[in-house]
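>>> Please work out how this folds:
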Amino acid sequence: MATTTRLPAPEILTELNSQDDPAVLIGLDYRLLAVNSAYDRVFGALDLRIPKHCYEVSHEYQAPCYEVGQDCPLKDSLASGQKQRRVHLHVTPNGEQHVEEETIPLKDQKGQILYFLQLLRPIHVASSVFVSDGMVGRSCAFNRMVELIHRVASRDTTVLLLGETGTGKELAAKAIHRASPRHAEPFVPVDCSGLTESLFESELFGHEKGAFTGASSAKRGLVEAARGGTLFLDEIGDIPLPLQVKLLRLLETDAYRRVGSVETRAADFRLICATHQDLPALCREGAFRKDLYYRIKIFSIKVPPLTERRIDIPLLAEVMLRRLGGESPPRLDPRTVACLSGYDYPGNVRELKHIIERALLLTDGDTILHTALGDECCCDGDESVSPQDIVSLKEAEKRYLRSVQARYKGDNKTLAKFLGISERTLYRKLEALSRAPDEISR
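As a prediction, this is how the structure comes out:
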(Lines give C-alpha, C1' and ligand atoms only; values in the text may rest on other atoms or scores of the structure.)
Protein backbone atom coordinates (compact mmCIF):
# COMPACT_ATOMS: atom_id res chain seq x y z
CA MET A 1 0.00 0.00 0.00
CA ALA A 2 1.05 3.58 -0.56
CA THR A 3 1.78 5.72 2.49
CA THR A 4 -0.72 8.28 3.72
CA THR A 5 0.89 11.46 5.08
CA ARG A 6 -1.92 14.00 4.99
CA LEU A 7 -3.92 14.63 8.14
CA PRO A 8 -7.65 13.91 8.16
CA ALA A 9 -9.90 16.83 7.24
CA PRO A 10 -12.29 18.03 9.97
CA GLU A 11 -15.33 16.68 8.13
CA ILE A 12 -13.81 13.20 8.13
CA LEU A 13 -13.25 13.35 11.88
CA THR A 14 -16.84 14.57 12.25
CA GLU A 15 -18.07 11.51 10.33
CA LEU A 16 -15.94 9.25 12.51
CA ASN A 17 -17.32 10.71 15.74
CA SER A 18 -20.91 10.56 14.50
CA GLN A 19 -20.85 6.75 14.40
CA ASP A 20 -22.76 4.90 17.12
CA ASP A 21 -20.59 1.79 16.68
CA PRO A 22 -16.93 1.67 17.69
CA ALA A 23 -15.03 3.16 14.75
CA VAL A 24 -11.46 3.87 13.71
CA LEU A 25 -9.86 5.90 10.93
CA ILE A 26 -7.00 4.09 9.19
CA GLY A 27 -4.46 5.38 6.69
CA LEU A 28 -3.24 3.59 3.59
CA ASP A 29 -0.15 2.56 5.53
CA TYR A 30 -2.35 0.73 8.12
CA ARG A 31 -1.70 3.39 10.75
CA LEU A 32 -4.51 4.24 13.15
CA LEU A 33 -5.19 7.96 12.81
CA ALA A 34 -8.19 8.44 15.10
CA VAL A 35 -10.84 6.53 17.09
CA ASN A 36 -14.26 7.58 18.33
CA SER A 37 -15.58 7.56 21.89
CA ALA A 38 -17.54 4.33 21.32
CA TYR A 39 -14.24 2.60 20.50
CA ASP A 40 -12.73 3.77 23.78
CA ARG A 41 -15.71 2.41 25.71
CA VAL A 42 -15.66 -1.04 24.11
CA PHE A 43 -12.00 -1.69 23.31
CA GLY A 44 -10.19 0.63 25.71
CA ALA A 45 -8.58 4.04 25.28
CA LEU A 46 -5.63 4.37 22.88
CA ASP A 47 -2.74 6.83 22.99
CA LEU A 48 -2.29 7.61 19.30
CA ARG A 49 0.60 9.97 19.94
CA ILE A 50 2.69 6.83 19.51
CA PRO A 51 2.20 5.53 15.94
CA LYS A 52 0.31 2.24 15.90
CA HIS A 53 -0.86 -0.02 13.07
CA CYS A 54 -4.34 -1.48 13.06
CA TYR A 55 -3.06 -5.07 13.00
CA GLU A 56 -0.86 -4.41 16.07
CA VAL A 57 -3.72 -2.98 18.12
CA SER A 58 -6.54 -5.26 16.98
CA HIS A 59 -4.72 -8.58 16.68
CA GLU A 60 -1.26 -8.11 18.21
CA TYR A 61 0.27 -9.11 14.86
CA GLN A 62 3.63 -7.84 13.71
CA ALA A 63 2.56 -7.71 10.06
CA PRO A 64 -0.64 -6.95 8.09
CA CYS A 65 -3.35 -9.61 8.24
CA TYR A 66 -2.82 -10.83 4.68
CA GLU A 67 0.85 -11.56 5.44
CA VAL A 68 -0.09 -13.95 8.24
CA GLY A 69 -2.71 -15.87 6.29
CA GLN A 70 -5.78 -13.85 7.31
CA ASP A 71 -8.32 -12.09 5.11
CA CYS A 72 -7.55 -8.36 5.07
CA PRO A 73 -10.60 -6.14 4.47
CA LEU A 74 -8.40 -3.07 3.94
CA LYS A 75 -6.48 -4.73 1.13
CA ASP A 76 -9.70 -6.03 -0.43
CA SER A 77 -11.37 -2.64 -0.11
CA LEU A 78 -8.41 -0.89 -1.73
CA ALA A 79 -8.48 -3.36 -4.63
CA SER A 80 -12.24 -3.12 -5.21
CA GLY A 81 -12.90 0.45 -4.10
CA GLN A 82 -15.95 -0.94 -2.29
CA LYS A 83 -17.04 -1.52 1.28
CA GLN A 84 -15.93 -4.87 2.73
CA ARG A 85 -17.08 -6.88 5.76
CA ARG A 86 -15.07 -9.57 7.55
CA VAL A 87 -15.09 -11.31 10.92
CA HIS A 88 -11.79 -11.32 12.79
CA LEU A 89 -10.66 -12.01 16.33
CA HIS A 90 -9.87 -8.79 18.20
CA VAL A 91 -7.95 -8.30 21.40
CA THR A 92 -10.28 -6.59 23.90
CA PRO A 93 -10.08 -5.77 27.62
CA ASN A 94 -12.13 -8.96 28.18
CA GLY A 95 -9.90 -11.17 26.04
CA GLU A 96 -10.19 -12.15 22.39
CA GLN A 97 -13.60 -11.66 20.81
CA HIS A 98 -15.11 -12.16 17.36
CA VAL A 99 -15.72 -8.78 15.75
CA GLU A 100 -17.32 -7.82 12.45
CA GLU A 101 -15.14 -5.28 10.65
CA GLU A 102 -17.00 -3.10 8.15
CA THR A 103 -14.37 -1.26 6.14
CA ILE A 104 -15.48 1.79 4.15
CA PRO A 105 -13.07 3.54 1.76
CA LEU A 106 -13.13 7.35 2.00
CA LYS A 107 -12.28 9.01 -1.33
CA ASP A 108 -11.39 12.45 -2.62
CA GLN A 109 -13.21 14.24 -5.43
CA LYS A 110 -11.17 12.33 -8.02
CA GLY A 111 -12.18 8.98 -6.56
CA GLN A 112 -8.82 8.25 -4.97
CA ILE A 113 -8.94 6.45 -1.64
CA LEU A 114 -7.47 8.56 1.15
CA TYR A 115 -8.47 6.69 4.30
CA PHE A 116 -10.55 3.80 5.59
CA LEU A 117 -13.37 4.19 8.07
CA GLN A 118 -13.73 0.90 9.92
CA LEU A 119 -16.76 0.07 12.06
CA LEU A 120 -16.15 -2.65 14.66
CA ARG A 121 -19.14 -4.60 15.95
CA PRO A 122 -18.58 -7.40 18.49
CA ILE A 123 -20.67 -10.46 17.64
CA HIS A 124 -21.77 -13.30 19.87
CA VAL A 125 -22.54 -16.30 17.64
CA ALA A 126 -19.27 -17.97 18.73
CA SER A 127 -16.48 -17.67 21.27
CA SER A 128 -12.69 -18.02 21.29
CA VAL A 129 -12.64 -18.96 25.00
CA PHE A 130 -14.49 -21.42 27.21
CA VAL A 131 -18.29 -21.24 27.16
CA SER A 132 -20.65 -23.79 28.66
CA ASP A 133 -22.56 -24.16 25.39
CA GLY A 134 -22.16 -23.13 21.77
CA MET A 135 -19.43 -22.95 19.13
CA VAL A 136 -15.80 -22.34 20.06
CA GLY A 137 -12.85 -21.62 17.76
CA ARG A 138 -10.33 -19.13 16.47
CA SER A 139 -8.96 -20.60 13.21
CA CYS A 140 -9.40 -18.89 9.85
CA ALA A 141 -11.75 -21.62 8.58
CA PHE A 142 -13.88 -21.29 11.72
CA ASN A 143 -13.98 -17.49 11.47
CA ARG A 144 -15.10 -17.65 7.84
CA MET A 145 -18.01 -19.86 8.90
CA VAL A 146 -18.86 -17.47 11.75
CA GLU A 147 -18.91 -14.56 9.30
CA LEU A 148 -21.46 -16.33 7.07
CA ILE A 149 -23.59 -17.31 10.07
CA HIS A 150 -23.58 -13.70 11.26
CA ARG A 151 -24.53 -12.41 7.81
CA VAL A 152 -27.52 -14.71 7.33
CA ALA A 153 -28.83 -14.97 10.90
CA SER A 154 -30.92 -11.79 10.82
CA ARG A 155 -32.80 -12.85 7.67
CA ASP A 156 -35.36 -15.61 7.12
CA THR A 157 -33.27 -17.01 4.27
CA THR A 158 -33.13 -20.81 4.03
CA VAL A 159 -29.66 -22.09 4.96
CA LEU A 160 -27.95 -25.30 3.84
CA LEU A 161 -25.11 -26.45 6.12
CA LEU A 162 -22.55 -28.68 4.39
CA GLY A 163 -19.94 -30.69 6.22
CA GLU A 164 -18.58 -34.05 7.20
CA THR A 165 -20.17 -36.13 9.94
CA GLY A 166 -19.31 -34.83 13.40
CA THR A 167 -18.29 -31.29 12.42
CA GLY A 168 -21.01 -29.63 14.49
CA LYS A 169 -23.67 -28.73 11.94
CA GLU A 170 -26.43 -28.72 14.56
CA LEU A 171 -24.39 -26.32 16.72
CA ALA A 172 -24.08 -24.04 13.69
CA ALA A 173 -27.84 -24.25 13.12
CA LYS A 174 -28.49 -23.36 16.76
CA ALA A 175 -26.12 -20.39 16.45
CA ILE A 176 -28.11 -19.10 13.47
CA HIS A 177 -31.36 -19.52 15.39
CA ARG A 178 -30.06 -17.80 18.53
CA ALA A 179 -28.85 -14.79 16.54
CA SER A 180 -32.10 -14.51 14.58
CA PRO A 181 -35.29 -12.53 15.29
CA ARG A 182 -36.92 -15.94 15.98
CA HIS A 183 -34.58 -16.76 18.88
CA ALA A 184 -37.34 -16.64 21.53
CA GLU A 185 -39.36 -19.30 19.68
CA PRO A 186 -38.64 -23.07 19.42
CA PHE A 187 -35.65 -24.62 17.68
CA VAL A 188 -36.90 -28.01 16.44
CA PRO A 189 -34.32 -30.48 15.10
CA VAL A 190 -35.44 -33.36 12.85
CA ASP A 191 -33.11 -36.31 12.17
CA CYS A 192 -34.22 -37.21 8.66
CA SER A 193 -32.01 -40.31 8.61
CA GLY A 194 -34.02 -41.77 11.48
CA LEU A 195 -37.46 -41.36 9.89
CA THR A 196 -38.97 -44.17 7.88
CA GLU A 197 -41.13 -43.36 4.88
CA SER A 198 -44.25 -44.44 6.78
CA LEU A 199 -43.48 -42.17 9.74
CA PHE A 200 -42.20 -39.12 7.88
CA GLU A 201 -45.55 -37.48 7.12
CA SER A 202 -46.96 -38.15 10.56
CA GLU A 203 -43.85 -36.83 12.35
CA LEU A 204 -43.53 -33.76 10.16
CA PHE A 205 -47.18 -32.79 9.67
CA GLY A 206 -48.95 -34.56 12.56
CA HIS A 207 -52.07 -36.71 12.30
CA GLU A 208 -55.70 -36.84 13.37
CA LYS A 209 -57.23 -39.44 15.63
CA GLY A 210 -57.99 -42.58 13.64
CA ALA A 211 -55.92 -41.52 10.64
CA PHE A 212 -54.22 -44.94 10.65
CA THR A 213 -53.99 -48.04 12.80
CA GLY A 214 -52.63 -47.05 16.20
CA ALA A 215 -53.52 -43.36 15.90
CA SER A 216 -55.57 -43.33 19.10
CA SER A 217 -55.36 -39.55 19.47
CA ALA A 218 -54.53 -36.49 17.42
CA LYS A 219 -50.90 -35.43 17.37
CA ARG A 220 -49.30 -32.22 16.22
CA GLY A 221 -46.28 -32.53 13.94
CA LEU A 222 -42.82 -30.99 14.09
CA VAL A 223 -43.78 -28.27 11.60
CA GLU A 224 -46.46 -27.15 14.03
CA ALA A 225 -44.06 -27.46 16.98
CA ALA A 226 -41.61 -25.13 15.20
CA ARG A 227 -44.23 -22.42 14.66
CA GLY A 228 -42.59 -19.00 14.90
CA GLY A 229 -39.16 -20.56 15.31
CA THR A 230 -36.67 -22.66 13.33
CA LEU A 231 -37.09 -26.11 11.78
CA PHE A 232 -33.74 -27.88 11.39
CA LEU A 233 -33.76 -30.82 8.95
CA ASP A 234 -30.56 -32.74 9.65
CA GLU A 235 -29.29 -35.10 6.94
CA ILE A 236 -31.89 -33.93 4.47
CA GLY A 237 -30.24 -36.07 1.79
CA ASP A 238 -31.72 -39.14 3.48
CA ILE A 239 -35.36 -38.15 2.89
CA PRO A 240 -36.98 -40.77 0.63
CA LEU A 241 -37.58 -39.53 -2.89
CA PRO A 242 -41.43 -39.95 -2.80
CA LEU A 243 -41.60 -37.67 0.25
CA GLN A 244 -39.35 -34.96 -1.15
CA VAL A 245 -42.22 -33.64 -3.26
CA LYS A 246 -44.35 -33.19 -0.13
CA LEU A 247 -41.54 -31.29 1.59
CA LEU A 248 -41.14 -29.14 -1.53
CA ARG A 249 -44.86 -28.34 -1.52
CA LEU A 250 -44.63 -27.31 2.14
CA LEU A 251 -41.76 -24.94 1.37
CA GLU A 252 -43.44 -23.44 -1.69
CA THR A 253 -46.91 -22.95 -0.19
CA ASP A 254 -46.13 -22.48 3.52
CA ALA A 255 -49.09 -24.78 4.15
CA TYR A 256 -49.66 -28.41 5.14
CA ARG A 257 -52.35 -30.87 6.24
CA ARG A 258 -52.21 -33.32 9.09
CA VAL A 259 -52.45 -36.96 8.03
CA GLY A 260 -56.14 -37.86 7.94
CA SER A 261 -57.31 -34.23 7.73
CA VAL A 262 -58.62 -32.06 4.91
CA GLU A 263 -57.95 -28.84 6.82
CA THR A 264 -55.06 -26.75 5.47
CA ARG A 265 -52.85 -25.21 8.14
CA ALA A 266 -50.44 -22.30 7.72
CA ALA A 267 -46.76 -22.98 8.42
CA ASP A 268 -44.47 -20.37 9.97
CA PHE A 269 -40.85 -21.37 10.45
CA ARG A 270 -37.34 -20.58 9.32
CA LEU A 271 -35.75 -23.57 7.56
CA ILE A 272 -32.18 -24.75 8.10
CA CYS A 273 -31.00 -27.96 6.45
CA ALA A 274 -27.81 -29.96 6.81
CA THR A 275 -26.14 -32.86 5.06
CA HIS A 276 -22.80 -34.63 4.76
CA GLN A 277 -23.77 -35.97 1.33
CA ASP A 278 -23.00 -34.62 -2.15
CA LEU A 279 -26.48 -33.38 -3.09
CA PRO A 280 -25.58 -32.42 -6.70
CA ALA A 281 -24.35 -36.00 -7.22
CA LEU A 282 -27.58 -37.35 -5.74
CA CYS A 283 -29.51 -35.10 -8.14
CA ARG A 284 -27.57 -36.48 -11.10
CA GLU A 285 -28.32 -40.02 -9.91
CA GLY A 286 -32.03 -39.21 -9.56
CA ALA A 287 -31.98 -39.80 -5.78
CA PHE A 288 -32.67 -36.17 -4.87
CA ARG A 289 -35.06 -33.77 -6.58
CA LYS A 290 -33.34 -30.90 -8.35
CA ASP A 291 -36.20 -28.49 -7.62
CA LEU A 292 -35.94 -29.25 -3.90
CA TYR A 293 -32.15 -28.88 -4.01
CA TYR A 294 -32.39 -25.44 -5.61
CA ARG A 295 -35.03 -24.49 -3.07
CA ILE A 296 -32.83 -25.26 -0.05
CA LYS A 297 -29.42 -24.14 -1.36
CA ILE A 298 -30.21 -20.42 -1.28
CA PHE A 299 -27.40 -19.77 1.22
CA SER A 300 -24.84 -22.54 1.74
CA ILE A 301 -22.34 -22.58 4.59
CA LYS A 302 -19.44 -25.01 4.84
CA VAL A 303 -18.86 -26.33 8.35
CA PRO A 304 -15.11 -27.09 8.21
CA PRO A 305 -13.64 -30.44 9.26
CA LEU A 306 -11.21 -30.54 12.16
CA THR A 307 -8.28 -31.05 9.77
CA GLU A 308 -8.88 -27.45 8.63
CA ARG A 309 -9.06 -26.25 12.25
CA ARG A 310 -5.93 -27.76 13.79
CA ILE A 311 -5.07 -24.64 15.77
CA ASP A 312 -8.50 -25.03 17.44
CA ILE A 313 -7.80 -28.55 18.74
CA PRO A 314 -6.06 -27.56 22.04
CA LEU A 315 -8.84 -25.02 22.73
CA LEU A 316 -11.62 -27.50 21.90
CA ALA A 317 -9.96 -30.18 24.05
CA GLU A 318 -9.83 -27.80 27.03
CA VAL A 319 -13.46 -26.75 26.49
CA MET A 320 -14.66 -30.36 26.33
CA LEU A 321 -12.57 -31.26 29.37
CA ARG A 322 -14.25 -28.51 31.39
CA ARG A 323 -17.71 -29.41 30.09
CA LEU A 324 -17.29 -33.11 30.85
CA GLY A 325 -14.94 -33.10 33.82
CA GLY A 326 -17.05 -31.43 36.49
CA GLU A 327 -15.96 -28.61 38.77
CA SER A 328 -12.28 -29.62 39.03
CA PRO A 329 -11.31 -31.45 35.83
CA PRO A 330 -7.78 -32.81 35.40
CA ARG A 331 -5.39 -30.88 33.21
CA LEU A 332 -3.98 -32.04 29.89
CA ASP A 333 -0.33 -32.99 29.86
CA PRO A 334 1.64 -31.14 27.12
CA ARG A 335 2.44 -34.44 25.41
CA THR A 336 -1.27 -35.29 25.45
CA VAL A 337 -2.04 -31.99 23.74
CA ALA A 338 0.63 -32.74 21.13
CA CYS A 339 -0.91 -36.17 20.45
CA LEU A 340 -4.40 -34.71 20.16
CA SER A 341 -3.13 -32.00 17.79
CA GLY A 342 -1.44 -34.51 15.52
CA TYR A 343 -4.42 -36.80 14.96
CA ASP A 344 -6.60 -36.48 11.84
CA TYR A 345 -10.07 -37.10 13.40
CA PRO A 346 -12.17 -38.85 10.73
CA GLY A 347 -15.08 -38.34 13.16
CA ASN A 348 -14.20 -34.64 13.59
CA VAL A 349 -15.27 -32.70 16.70
CA ARG A 350 -17.59 -35.48 17.83
CA GLU A 351 -14.67 -37.93 17.84
CA LEU A 352 -12.50 -35.48 19.81
CA LYS A 353 -15.26 -35.25 22.41
CA HIS A 354 -15.42 -39.04 22.70
CA ILE A 355 -11.63 -39.29 23.05
CA ILE A 356 -11.66 -36.73 25.88
CA GLU A 357 -14.56 -38.51 27.57
CA ARG A 358 -12.71 -41.84 27.42
CA ALA A 359 -9.50 -40.26 28.73
CA LEU A 360 -11.39 -38.81 31.68
CA LEU A 361 -12.70 -42.26 32.60
CA LEU A 362 -9.17 -43.70 32.46
CA THR A 363 -7.57 -40.91 34.54
CA ASP A 364 -7.44 -41.12 38.33
CA GLY A 365 -5.02 -38.28 39.02
CA ASP A 366 -4.99 -34.59 38.22
CA THR A 367 -3.31 -34.94 34.80
CA ILE A 368 -4.48 -36.71 31.64
CA LEU A 369 -1.44 -38.48 30.19
CA HIS A 370 -1.10 -39.43 26.54
CA THR A 371 -1.42 -43.09 27.50
CA ALA A 372 -5.09 -42.44 28.35
CA LEU A 373 -5.83 -41.64 24.72
CA GLY A 374 -7.01 -44.26 22.25
CA ASP A 375 -4.43 -46.17 20.23
CA GLU A 376 -5.36 -44.25 17.08
CA CYS A 377 -4.15 -40.90 18.42
CA CYS A 378 -1.58 -41.99 21.01
CA CYS A 379 1.92 -40.77 20.07
CA ASP A 380 3.81 -43.30 22.21
CA GLY A 381 7.18 -43.76 20.51
CA ASP A 382 8.67 -46.46 22.76
CA GLU A 383 8.47 -49.28 20.20
CA SER A 384 11.14 -49.90 17.56
CA VAL A 385 10.59 -48.22 14.22
CA SER A 386 9.30 -50.31 11.35
CA PRO A 387 9.38 -49.22 7.68
CA GLN A 388 5.69 -48.34 7.69
CA ASP A 389 6.29 -46.00 10.65
CA ILE A 390 8.86 -43.91 8.78
CA VAL A 391 7.45 -40.59 7.57
CA SER A 392 8.68 -38.03 5.07
CA LEU A 393 10.57 -34.94 6.19
CA LYS A 394 7.51 -32.91 5.21
CA GLU A 395 5.31 -34.96 7.55
CA ALA A 396 7.98 -34.83 10.28
CA GLU A 397 8.01 -31.03 10.05
CA LYS A 398 4.23 -30.93 10.37
CA ARG A 399 4.25 -33.15 13.46
CA TYR A 400 7.09 -31.20 15.05
CA LEU A 401 5.32 -27.87 14.49
CA ARG A 402 2.09 -29.24 15.98
CA SER A 403 3.98 -30.45 19.05
CA VAL A 404 5.88 -27.18 19.51
CA GLN A 405 2.76 -25.09 18.96
CA ALA A 406 0.86 -27.10 21.56
CA ARG A 407 3.58 -26.86 24.23
CA TYR A 408 5.24 -23.46 23.67
CA LYS A 409 3.62 -20.67 25.69
CA GLY A 410 5.61 -17.67 24.44
CA ASP A 411 4.99 -15.32 21.52
CA ASN A 412 5.51 -16.28 17.87
CA LYS A 413 8.33 -13.77 17.38
CA THR A 414 10.48 -15.55 19.97
CA LEU A 415 9.41 -18.99 18.73
CA ALA A 416 10.47 -18.07 15.17
CA LYS A 417 13.88 -17.03 16.52
CA PHE A 418 14.31 -20.40 18.26
CA LEU A 419 13.29 -22.23 15.09
CA GLY A 420 15.74 -20.21 12.99
CA ILE A 421 13.11 -18.83 10.61
CA SER A 422 11.47 -15.45 10.10
CA GLU A 423 8.27 -14.62 11.96
CA ARG A 424 6.47 -14.25 8.63
CA THR A 425 7.58 -17.75 7.58
CA LEU A 426 6.36 -19.16 10.89
CA TYR A 427 2.95 -17.51 10.45
CA ARG A 428 2.71 -18.96 6.93
CA LYS A 429 3.62 -22.46 8.11
CA LEU A 430 1.20 -22.40 11.06
CA GLU A 431 -1.65 -21.16 8.88
CA ALA A 432 -0.82 -23.76 6.21
CA LEU A 433 -0.83 -26.37 8.98
CA SER A 434 -4.39 -25.44 9.96
CA ARG A 435 -5.68 -24.94 6.42
CA ALA A 436 -3.92 -27.62 4.35
CA PRO A 437 -1.90 -29.90 6.63
CA ASP A 438 -0.55 -31.97 3.76
CA GLU A 439 1.06 -29.04 1.98
CA ILE A 440 3.01 -27.20 4.64
CA SER A 441 6.47 -27.35 3.11
CA ARG A 442 7.56 -25.98 -0.20
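>>> Ala172 belongs to a strand?
No - judged by DSSP: H, G, I helix; E, B strand; the rest coil, Ala172 forms no part of a strand; its state is helix.
>>> In contact with it, which residues are there?
Met135, Met145, Ile149, Leu161, Ala274, Ile301, Val303 (C-beta atoms under 8 Å, 6 or more residues apart in numbering). In short, each C-beta sits where N, CA and C put it, glycine included.
>>> can you map out the strands along the stretch 251-400 of the chain?
255-256, 265-266, 270-275, 299-302, 331-332, 367-368 (DSSP state E, counting those that start in this stretch).
>>> now the chain, which segments are flagged as low pLDDT?
1-7, 378-392, 403, 405-410, 417-418, 435-442 (pLDDT under 70).
>>> most neighbours per residue, which of the strands of the stretch 251-400 of the chain?
Sort those by mean neighbour count, taking mean count of other C-beta atoms under 10 Å, and strand 270-275 sits at the top with a mean of 25.
>>> related to what we said a few turns ago, with distance to Val349 as added columns, please give the strands of the stretch 251-400 of the chain in TSV.
As requested, those are exported to TSV (distance: least, C-beta to C-beta, whole Å):
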stretch	distance to Val349
strand 255-256	34
strand 265-266	37
strand 270-275	14
strand 299-302	14
strand 331-332	16
strand 367-368	18
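>>> in terms of contact count, name the helices or strands touching the helix or strand where Ser77 lies.
Counting by DSSP states H and E, the element that carries Ser77 is helix 73-80. On a contact count with 3 or more C-beta pairs under 8 Å, 6 or more residues apart in numbering; DSSP states H and E, helix 73-80 meets strand 84-92, strand 95-107, strand 113-122.
>>> Distance from the last one to the middle of the chain?
The chain centroid and the centroid of strand 113-122 are separated by 24 Å, computed with C-alpha atoms, centre = their mean, to the nearest Å.
>>> ok and the next helix or strand after it relative to strand 113-122, angle-wise?
Next along the chain after strand 113-122, taking DSSP H and E as the criterion, comes helix 140-153. Interaxial angle, helix 140-153 versus strand 113-122 (axes from the mean of the first three to the mean of the last three C-alpha atoms, to 10 degrees): 80 degrees.
>>> Tell me which helix or strand comes right after helix 140-153.
strand 159-162.
>>> Break the chain down into its domains, please.
Taking automatic domain parsing as the criterion, the chain consists of the domains 10-122, 140-302, 307-435.
>>> hang on, the earlier thing: as TSV, the helices and strands packed on helix 73-80 with mean neighbour count would be great.
Output for the helices and strands packed on helix 73-80, formatted as TSV (neighbours: other C-beta atoms under 10 Å):
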stretch	mean neighbour count
strand 84-92	20
strand 95-107	19
strand 113-122	20
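>>> got TSV for those, with distance to Tyr343 too?
Formatted as TSV, the helices and strands packed on helix 73-80 follow (distance: least, C-beta to C-beta, whole Å):
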stretch	distance to Tyr343
strand 84-92	25
strand 95-107	25
strand 113-122	33
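>>> Give me the neighbour count for Ser80.
By the criterion of other C-beta atoms under 10 Å, Ser80 has 10 neighbours.
>>> Use 43 as the first number for this chain going forward.
Okay, using 43 as the starting number, the last item reads as Ser122.
>>> and the end-to-end length of stretch 305-320?
The first and last residues of stretch 305-320 sit 37 Å apart, counting by C-alpha to C-alpha, to the nearest Å.
>>> Centre of the chain to that stretch, how far?
When distances are taken as C-alpha atoms, centre = their mean, stretch 305-320 is centred 22 Å away from the chain's centroid.
>>> Same check on stretch 233-250?
Distance, stretch centre to chain centre, for stretch 233-250: 31 Å (C-alpha atoms, centre = their mean).
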